[in-house]
Each structure stands twice: as structure tokens, then as C-alpha cells.
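K.L.:
Sequence plus the predicted model coming up.
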Amino acid sequence: MPENFFTLGIETSCDDTGVAILKNDREVLCEYLSSQIKDHSRFGGVVPEFAARKHLENLLPLVNAALNEAYIKGRDLNLIAVTRGPGLMGSLIIGVQTALALSQVWNVPLIGVNHLEGHLFAPLVEAEDLEPPFLSLIVSGGHTEIIKVEAFGKYELLGQTRDDAAGEAYDKAARVLGLKYPGGPEIDRLAKLGNSKAFNFPVPLKNSGEIEFSFSGLKTALLGQVKKFQEAGQEIPVEDLCASFEKAVTDSLISKINLAVKLTGIKRVAASGGVSANSALREALSAQKNFKAWLPALKRCTDNAVMIAMAGRNSWTRGNFSGGPVVPDPALHEI
Ligand code: KG4
Ligand code: ZN
């Protein structure tokens, strides 16, 4: 292993183009993120073909900017780590194909990273004191799950959502309330102005005794409330609805992570994914007495390339490099 090990991370699984360079385990030399949120918000969601085109425009200029900022030549990299799934096929292809071409031209090994393992690593960037075993709560637009991390590379899925992911629930709730996409940050902002006890939304599966989530009923309950106000010709109390909805989602996440702590005896929890940026969830996780929580920096809750570089570098040190082709897989799930 060289004295200094440089990893180029590339993330293009959905609508954010991410590039980062990592020195050794966790020193971030630079990180770039080109968000397409403004481009997609006018459509109310991510348009896959448009996302792929934007990655094509953005990726190579970001790689060049990153190398310049880190004062590194492509040939001096030790590893390229690229997200190979899950995600949108067109978006993944741009990232993987670009990474493959760069790896061949520069003669640098290429490793494919599972996007979910990437999220799992996001809180570790700053958490030098966090070592396995720990529980990982991944709450994003596509996933809501609790994973037991026995060791890096040794993961056990303890439970997940039966239907919508938490981020998806926020995005759908925002649409019901006429808020812009993506809904999570909007609901987070408005909830701070509202009363979380104004509406008593049911906390889904709270007493099921299983580590599992369900958020689709919550959206239906919200829709029911909105309709009541519409039918009565009354103004919709958006802020109170946001606060109450957010409380129900947060209570569900907190109750199931507490159950996982109880069942496994592991009292260390690392949260990640877009919803880990949510203020109420961050506050609740940090206030828990039964376990200690680690959270990613806000900018690394949502998709980014630092987490991909870190997961790729860790996988490399575990000997997971075959030299075989890296194939995009939109449905890749198990980590
Ligand atoms: O991890 P991510 O960037 O993409 C996926 O891999 O899915 O997560 C995006 C999701 C979106 O659904 C977005 O609404 C949600 O994370 N999100 C939030 C917040 N910021 C982003 N949800 C609640 N509160 C937030 N502050
Ligand atoms: Zn993600």
C-alpha cells in the first residue's frame, strides 16, 4: 500500500453529479456536487433521461476541477470508485462508463460501489471514533432500512419499509400540500413554524414488534386532512400539517431504531441518506438516551461522492478488487 492513497469517487445514481478526491481513509481533499434540483423541480420529480444528459454535461468538467484543486494528476490516483447501483440506469451508465474510460486511460484500478454502502459510510467521514459493530439507519428517497454492521463488508439487513421510503413519503406529502420538489427540505422548513401536536397522525406499525416501516398510510391520512379543509372551504394549515406529519415519520424511525438497539444490544447508531438531514430526526436521534447517534454533515446526507470514495477505498482494503468489469445495476440492493 502506498504511503498516500488517493481515491477518486464518482456518484451519478440519480440527479446529483458528485466527484470527490479522498486521501487515505477519510481526508477529503475536495468535493464537488452539481445538483439538478432546479432543473427537475419544474417537472415535480426526477426525469431520468434529462438526469442522464446533465451527468454527461457535468461529470468530466467536475473531474478536471477536482484534480486541479487537489493538485493531482489522473495517473497519480490509486483507485477510482464509482456507484454501480441501485439507481437510474441512464444516470448509472454515464458514471460507470466515464469511470471505466478514465481508469483505462490512466491505468488506475476501478471499483464499483453499492450506493447504499456509500450512504452507510457517510457518517464515518467525520466519525473516527465509530467502529463496528453499529447499527446503520439508511433513510433516503429510495430506501428506509436498518442494517447491522458487524464489520465493514459484513452487513445484515434487520428490517426495511414495506412500501414507501421515508424520503418518498416526504416528497409525496409535499405534493399533497402543493409544495415544491423535493418535498423533504420544504416540509422540514415549514414544520419549524408549525405545531407538531396539531394533528394526531398515526405512527405506522409502532407496536408491531418487528423492525419494519410503512409510510404509505401516513400520506393517505394527510390527504384526508387536506380534503377536509378543502371541502369546508377553509385555508389549509400547511405548517401544522408539516410539523405533525414530520413528527409521525420521526417517531416511527426512532421507535424502530430503539427496537433494533433492544434486540441486538448494539448501542451505536449511524444515520445516513437524504432524510438524515431532517432537523426533527437529527434532534431526536441526538437526544436518545438508549444509544449514541452519529450523523453525517448536512451536505453529505444526500447523495455525494465522498461517501462513494470512502466506501470504495474501504472495500479495496478488504481485498474486494477482482479487476473484472464494473457493470451498472439499477436494481442492485443487498450490501
Ligand atoms: O439520499 P438522497 O439524496 O437520494 C436517494 O438516494 O434517494 O435522498 C433524497 C431524499 C428526498 O426524498 C428528499 O425529500 C429527502 O431525501 N430529504 C429530506 C430532507 N432533505 C432531503 N427529507 C426530510 N427532511 C430533509 N431536510
Ligand atoms: Zn442516495
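P.N.:
Done, it's in. Numbering: from 1, shown residues only. Ligands and ions are numbered 1, 2, ... in the order given.
K.L.:
Who does the nearest residue in space to residue 271 that is not next to it in sequence form a beta bridge with?
P.N.:
Computed as C-beta to C-beta, 6 or more residues apart in numbering, the closest residue to residue 271 that is not its neighbour in sequence is residue 137, at 4.5 Å. Where you see a C-beta, it was placed from the backbone N, CA and C, and this is true even at glycine. Beta bridges link residue 137 to residue 146, residue 271 when assigned by DSSP bridges.
K.L.:
residues in contact with residue 137?
P.N.:
With contacts defined as C-beta atoms under 8 Å, 6 or more residues apart in numbering, the neighbours of residue 137 are 145-146, 253, 257, 269-272, 276.
K.L.:
Over to residue 71?
P.N.:
If you count contacts by C-beta under 8 Å, 6+ apart, residue 71 has none.
K.L.:
Against residue 61, how distant is the most centrally placed residue in the chain?
P.N.:
The geometric centre of the chain, computed from its C-alpha atoms, lies nearest to residue 273 (C-alpha atoms, centre = their mean), at 2.5 Å. In this view, residue 273 and residue 61 are 27 Å apart by C-beta to C-beta, to the nearest Å.
K.L.:
likewise residue 255?
P.N.:
45 Å.
K.L.:
between the two, who's got more neighbours?
P.N.:
Taking residue 255 and residue 61 together and counting by other C-beta atoms under 10 Å, residue 255 has the greater number of neighbours (16 against 13).
K.L.:
From what I see, that one and residue 204 are in contact.
P.N.:
No: in this structure residue 255 lies outside contact range of residue 204 using C-beta atoms under 8 Å: 9.8 Å.
K.L.:
And the strands in the stretch 51-200 of the chain?
P.N.:
Using DSSP state E, counting those that start in this stretch, the strands of the stretch 51-200 of the chain run over residues 79-85, 110-114, 134-139, 144-151, 154-160.
K.L.:
Between those, which one is closest to residue 322.
P.N.:
Ranking those by distance to residue 322, with C-beta to C-beta as the measure, places strand 110-114 first at 9.1 Å.
K.L.:
what helices or strands is the closest one leaning on?
P.N.:
strand 79-85, helix 89-106, helix 306-317 (3 or more C-beta pairs under 8 Å, 6 or more residues apart in numbering; DSSP states H and E).
K.L.:
any chance of the strands of the stretch 51-200 of the chain in CSV, plus distance to ligand 1 and mean pLDDT?
P.N.:
Compiled in CSV, those are given as follows (distance: least, C-beta to the nearest ligand atom, whole Å; pLDDT from 0 to 100):
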stretch, distance to ligand 1, mean pLDDT
strand 79-85, 10, 98
strand 110-114, 12, 97
strand 134-139, 8, 98
strand 144-151, 10, 98
strand 154-160, 14, 97
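K.L.:
Can you check which of these gets nearest to residue 195?
P.N.:
Across the strands of the stretch 51-200 of the chain, the minimum distance to residue 195, taken as C-beta to C-beta, is reached by strand 134-139, at 23.9 Å.
K.L.:
Just the CA atoms of the closest one, as PDB, please.
P.N.:
Output of strand 134-139 as PDB, limited to C-alpha atoms (Å, rounded to 0.1, in the frame of the first residue of the first chain):
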ATOM      1  CA  PHE A 134     -23.000  -0.500  14.900                       C
ATOM      2  CA  LEU A 135     -26.500  -0.100  13.500                       C
ATOM      3  CA  SER A 136     -27.000   1.900  10.300                       C
ATOM      4  CA  LEU A 137     -30.300   3.700   9.700                       C
ATOM      5  CA  ILE A 138     -30.400   4.500   6.000                       C
ATOM      6  CA  VAL A 139     -33.300   6.900   5.200                       C
END
